[in-house]
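Pasting the sequence and the predicted coordinates here, then a few questions.
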There are 2 protein chains.
Amino acid sequence: MTFTFSNDDRLPLYQRLRDELAANIAENRWRPGEAIPTEAELVSHYGVSIGTVRKAVDKLVAEGVLERFQGRGTFVRRASFDNAMFRFFRFQSETGEPLAPEGRVLNREVVEAPAQVAQGLNITAGSPVIHLTRVRLINQRPLLSESIWLPKEKFSALLDIPLSEFGNLLYPFYEERVGCAVASAQEYLTVEPVGAKDAELLQIAEGTAVITVERVAFGYDQQPLEWRRYCGLASHFRYHVEIR
Amino acid sequence: MTFTFSNDDRLPLYQRLRDELAANIAENRWRPGEAIPTEAELVSHYGVSIGTVRKAVDKLVAEGVLERFQGRGTFVRRASFDNAMFRFFRFQSETGEPLAPEGRVLNREVVEAPAQVAQGLNITAGSPVIHLTRVRLINQRPLLSESIWLPKEKFSALLDIPLSEFGNLLYPFYEERVGCAVASAQEYLTVEPVGAKDAELLQIAEGTAVITVERVAFGYDQQPLEWRRYCGLASHFRYHVEIR
DNA sequence: GCATCAAATTCATATATACGAATATATGTT
DNA sequence: AACATATATTCGTATATATGAATTTGATGC
């Protein structure tokens, strides 16, 4: 009744165990926010030593997939995109107020996936997708203009929900209504002159320099879930990196 | 004749060992590119187990300070800033040529440190600093305009060297001529309308949007060595991040 | 119910040991 | 001198074990 690893036996054992653990998350047997089995349980289930278990878990912690808490357990980490709006933009609060960002979906339509969207979502061009137009505001001032595309098949449940119920954060909303949790994302930044539609939504002059971000969001199974493009005034752009 | 740790004994042993190893690098006893003692030597010198040594080294590897090579040894990592020019900017090569970037120092002067420079270098405002004006070119086209400040005291050797000998990469040049190796850096990005001087150097119209980067470079002892501000056309800006 | 204390659970630290893999060094052969 | 081979060195993987720290759970008393 010992576990037999299904993957490549040329890899070190802790790597193969890492892959097994990751598969449990990708295939939704272990869900975000939940505890995975204890180290002792993993030892007996997989028939490896505690050192190997810890090394495999170490890797997944470093990858941001798991989170450990001494005395409590090891949990599937829920990716936090709460502050993604502030990753590249800073909006000064006059009086140091909390700066609660609001999200407002202005329009929803089903369209055929444009080429770039289809490529990002890894679907065939022309497949039906849901397209959301959304603005992010602080103190009623529109600061980011977003265009969001979702595969219609997987996200069709969103078509029956009034736009006013979408709330300020989309990813928890997706998870709640569609059961799709976002695990990671890739973002690509450029600077562009703003187009007519975004200019109107942001209440700025057409052609003003904006930072344009294209994002693909992935599930725990690495499948693309959402493609979006958003932009905000370049004069609000601020970013910091450490180089080593 | 056993080693006694000098640091806080409330910290775990591997942490304290990490700090001891890091101090050897910060105080220049172990130099970039060189091998540190073998794991077996560290075990006997510090009187700890191999597991603890490996955990301490693991940390420094994760921090980018050390580099391990199976069968060869563990080395102090030399930070590579070769591609820093391409971290935020992409310049298309028409024919897919190698794109060899050139660096050209146009001017060198000794001035009193402006407030922002002094703050970045952690010296008192008004202290003497060397100010370099430099452009980075590809195929003779100026693409980045740089302003570089160095503490005069530490870098005075640079004042005797003809500007033509500064070469295309400054950090290896600093290390060779001044003995100061750069270990890490912090960069802060914004988008600005270009000023008159930079516009002239970049041969663009004044007021064009440029990405402005402010950088503080640190030595292995975490002391600031260089402060610079550089800018390049915002239309050349491209950046990619992964979010987890 | 509620607070308090004890016990159990769970991850973290530290040591010891054995063997494997990658590389460098020494040796021997031609 | 050049090459092949054996040996030594050095980091990598895997196991076993003991103890400590942080947290949760359960028992107890009021």
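On my side now, so go ahead. Numbers count the residues shown, from 1 in each chain, chains lettered A, B, ... in the order given.

interface residues of chain A facing DNA strand C?
A:35-36, A:38-40, A:51, A:54, A:68-74 (Cβ under 7 Å from any atom of the strand). (Each C-beta comes from the backbone N, C-alpha and C, glycine too.)

Now A:Ile243. Nearest residue, chain neighbours left out?
Spatially, and ignoring its direct neighbours in sequence, A:Ile243 is nearest to B:Ala185 (4.6 Å; Cβ to Cβ, 6 or more residues apart in numbering or on different chains).

strand partners of the helix or strand where the one you found lies, parallel vs antiparallel please.
Element membership for B:Ala185 (DSSP states H and E) is strand B:182-193. Paired neighbours of strand B:182-193 in the sheet (DSSP bridges): strand A:239-243 (antiparallel), strand B:209-219 (antiparallel).

quick one: the last one to chain centroid distance?
Relative to its chain's centre, strand B:209-219 lies at 11 Å (Cα atoms, centre = their mean, to the nearest Å).

could you point out which element follows it?
strand B:224-233.

got a pLDDT number for A:Thr95?
For A:Thr95, the model assigns a pLDDT of 61.

and A:Pro162, how many neighbours does it have?
8 (other Cβ atoms under 10 Å in any protein chain shown).

Same check on A:Ser145?
As a burial measure, A:Ser145 scores 25 neighbours (other Cβ under 10 Å).

Run me through the strand neighbours of the host helix or strand of it, direction for each.
A:Ser145 is part of strand A:141-151 when elements are defined by DSSP H and E. As defined by DSSP bridges, the strand partners of strand A:141-151 come to strand A:128-138 (antiparallel), strand A:224-233 (antiparallel).

Let's have those in JSON lines, adding distance to A:Arg108.
Shown next, in JSON lines, are these (distance: least, Cβ to Cβ, whole Å):
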{"stretch": "strand A:128-138", "distance to A:Arg108": "5"}
{"stretch": "strand A:224-233", "distance to A:Arg108": "14"}
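
With respect to A:Asn28, which of the ones you listed lies nearest?
A:Asn28 lies closest to strand A:224-233 among the strands paired with strand A:141-151, at 13.4 Å (Cβ to Cβ).

With only the CA atoms kept, save that closest one in CSV.
In CSV, the C-alpha atoms belonging to strand A:224-233 read as follows (Å, rounded to 0.1, in the frame of the first residue of the first chain):
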residue,chain,number,x,y,z
PRO,A,224,-5.1,31.1,-18.8
LEU,A,225,-8.4,32.3,-17.3
GLU,A,226,-8.5,36.0,-18.1
TRP,A,227,-6.9,38.5,-20.5
ARG,A,228,-7.1,42.2,-19.8
ARG,A,229,-5.6,45.4,-20.9
TYR,A,230,-5.7,48.5,-18.6
CYS,A,231,-4.2,51.9,-18.7
GLY,A,232,-3.7,54.8,-16.4
LEU,A,233,-2.0,58.2,-16.6
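
Need the residues that contact the helix or strand of chain A with the lowest mean pLDDT.
Counting by mean pLDDT, DSSP states H and E, the weakest-scoring helix or strand in chain A turns out to be helix A:85-88, with a mean of 90. Applying Cβ atoms under 8 Å, 6 or more residues apart in numbering or on different chains, the contact partners of helix A:85-88 are A:101, A:136, A:143-144, A:189, A:211, A:213, A:232, A:237-239, B:241, B:243.

ok, the residues you listed vs B:Leu169, which is closest?
Proximity of the contacts of helix A:85-88 to B:Leu169 was ranked by Cβ to Cβ; the top entry is A:Tyr239 with 24.3 Å.

residues near the residue nearest to A:Ile243, how many?
A count of nearby residues for B:Ala185, using other Cβ under 10 Å, gives 21.

And the one 4 residues further on, by the same measure?
Here the neighbour count serves as a burial measure; for B:Leu189 (other Cβ under 10 Å) it reads 19.

and the gap between it and A:Gln203?
According to Cβ to Cβ, to the nearest Å, B:Leu189 stands 25 Å off from A:Gln203.

Check A:Asp58 too.
49 Å.

for A:Ser145, same thing?
For A:Ser145 relative to A:Gln203 (Cβ to Cβ), the value is 10 Å.

cool, and A:Gly103?
The gap separating A:Gly103 from A:Gln203 is 17 Å, by Cβ to Cβ.

So the two - more neighbours on which side?
Using other Cβ under 10 Å, the more surrounded residue of A:Gly103 and A:Gln203 is A:Gly103, with 17 against 8.

That one reaches A:Tyr171, doesn't it?
No. Between A:Gly103 and A:Tyr171 there is no contact under Cβ atoms under 8 Å: 10.8 Å.

quick check: domain ranges of chain A?
A:13-76, A:82-236 (automatic domain parsing).

Mean pLDDT lowest where, among these?
domain A:82-236 (a mean of 94).

what's the straight distance from one end of that one to the other?
For domain A:82-236, the first-to-last residue distance is 18 Å (Cα to Cα, to the nearest Å).

Residue numbers of chain A in contact with chain B?
Within chain A, the residues that sit near chain B (Cβ under 8 Å from any Cβ of the partner chain) are A:62-64, A:79, A:81, A:84, A:87, A:183-191, A:209, A:211, A:234-235, A:237-244.

what comes into contact with stretch A:232-244?
By Cβ under 8 Å, 6+ apart, the surrounding residues in contact with stretch A:232-244 are A:87-91, A:143-145, A:191, A:202, A:204, A:208-211, B:63-64, B:79, B:81, B:84, B:87, B:183-191, B:209, B:234, B:239.

how long is it from one end to the other?
Stretch A:232-244 has its terminal residues 29 Å apart, counting by Cα to Cα.

Helix, strand, or coil at the closest residue to A:Phe5 other than its chain neighbours?
Once flanking residues are discounted, A:Phe5 sits nearest to A:Arg16: 4.9 Å by Cβ to Cβ, 6+ apart. Counting by DSSP: H, G, I helix; E, B strand; the rest coil, the backbone at A:Arg16 sits in helix.

Report the beta-bridge partners for A:Val105.
Residues in a beta bridge with A:Val105, per DSSP bridges, are A:Arg134.

ok, it - contacts?
Contacts of A:Val105 by Cβ under 8 Å, 6+ apart are A:Leu132, A:Thr133, A:Arg134, A:Leu163, A:Phe166.

Correct me if wrong: A:Leu121 contacts A:Pro224.
Yes. Under the criterion of Cβ under 8 Å, A:Leu121 makes contact with A:Pro224 at 4.9 Å.

between those two, which one's more packed in?
Using other Cβ under 10 Å as the criterion, A:Leu121 and A:Pro224 rank with A:Leu121 on top: 22 against 17.

Roughly how far does the more buried one sit from A:Lys154?
Distance from A:Leu121 to A:Lys154, counting by Cβ to Cβ: 10 Å.

do A:Asn107 as well
20 Å.

who has more neighbours, the two?
Higher neighbour count among A:Asn107 and A:Lys154: A:Lys154, with 18 against 10, using other Cβ under 10 Å.
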